[in-house]
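> mind folding the following:
(one chain, ligands or ions: 2)
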Amino acid sequence: MSDCLFCKIIRKEIPSEIVYQDDFITIFKDINPAAPVHLLVIPNDHITSLQATGEEDQLLLGKLFFGAKKAAEQAGIAETGYRLIVNNGPDAHQEIPHLHLHVLGGGKMQHPMG
Ligand code: 5GP
Ligand code: ZN
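Ligands and ions are numbered 1, 2, ... in the order given. Got it, this is the predicted structure:
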C-alpha cells in the first residue's frame, strides 16, 4: 500500500474535500487554490506521472479528462471557462509524484501561459 500523500487522500486517511469519487478516479479541492475554483483529478491507482503511463492507461487518461469536464460543470465554471494543467517532472514543478490534472477556473486568467 502506497504511503503517497494523494493515495492517503484517496483512502481518506488524510482529510480533504472530495467532490467526486468512483472506482477509477478521485476529484478533490486543492489545499492551496491558485484560482477561485481549483480541483485536482487523480487516478485511484498510484501512477507517478503522465510520463509513467503506458498503452494500457489510455482509457484511464480519458476518464481523468472526462472527470475534469464533469467537475467543471458541477463547480459552475463550464460556461465561463477553465484551464487544465498537468505538471510533469521537475522543470514543470511537479511537487506530488501521483499523476494529477489541475482544473482551474472561476476568474479571468492571464494569457499567454508561462
Ligand atoms: P503539482 O505542483 O505537483 O502539480 O501540484 C500539487 C498540488 O497539490 C498543489 O497545487 C498543492 O497545493 C496540492 N496539495 C499538496 N498537498 C495537498 C494536500 O494535502 N491536500 C490537498 N487537497 N492538496 C494538496
Ligand atoms: Zn499515490
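> mind listing the strands for the chain?
18-21, 25-29, 37-43, 82-85, 101-105 (DSSP state E).
> and Met109, how far from Ala92?
As judged by CB to CB, to the nearest Å, Met109 and Ala92 stand 17 Å apart. Glycine gets a C-beta too; all of them are placed from N, C-alpha and C.
> got the angle between the top helix by length along the chain and strand 37-43?
Longest helix in the chain by number of residues, with DSSP state H as the criterion: helix 58-75. Put simply, helix 58-75 runs at 160 degrees to strand 37-43, going by axes from the mean of the first three to the mean of the last three CA atoms, to 10 degrees.
> could you export helix 58-75 as PDB, CA atoms only?
Coordinates of each C-alpha in helix 58-75 appear next as PDB, following Å, rounded to 0.1, in the frame of the first residue of the first chain:
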ATOM      1  CA  GLN A  58      -5.300   5.300 -22.200                       C
ATOM      2  CA  LEU A  59      -8.800   4.600 -21.100                       C
ATOM      3  CA  LEU A  60      -8.000   5.800 -17.600                       C
ATOM      4  CA  LEU A  61      -6.500   9.000 -19.100                       C
ATOM      5  CA  GLY A  62      -9.800   9.600 -20.800                       C
ATOM      6  CA  LYS A  63     -11.600   9.100 -17.500                       C
ATOM      7  CA  LEU A  64      -9.400  11.800 -15.900                       C
ATOM      8  CA  PHE A  65     -10.200  14.300 -18.700                       C
ATOM      9  CA  PHE A  66     -13.900  13.500 -18.700                       C
ATOM     10  CA  GLY A  67     -14.000  13.700 -14.900                       C
ATOM     11  CA  ALA A  68     -12.400  17.200 -15.200                       C
ATOM     12  CA  LYS A  69     -15.200  18.200 -17.600                       C
ATOM     13  CA  LYS A  70     -17.900  16.900 -15.300                       C
ATOM     14  CA  ALA A  71     -16.300  18.500 -12.300                       C
ATOM     15  CA  ALA A  72     -16.100  21.900 -14.100                       C
ATOM     16  CA  GLU A  73     -19.900  21.600 -14.800                       C
ATOM     17  CA  GLN A  74     -20.600  20.700 -11.200                       C
ATOM     18  CA  ALA A  75     -18.500  23.700 -10.000                       C
END
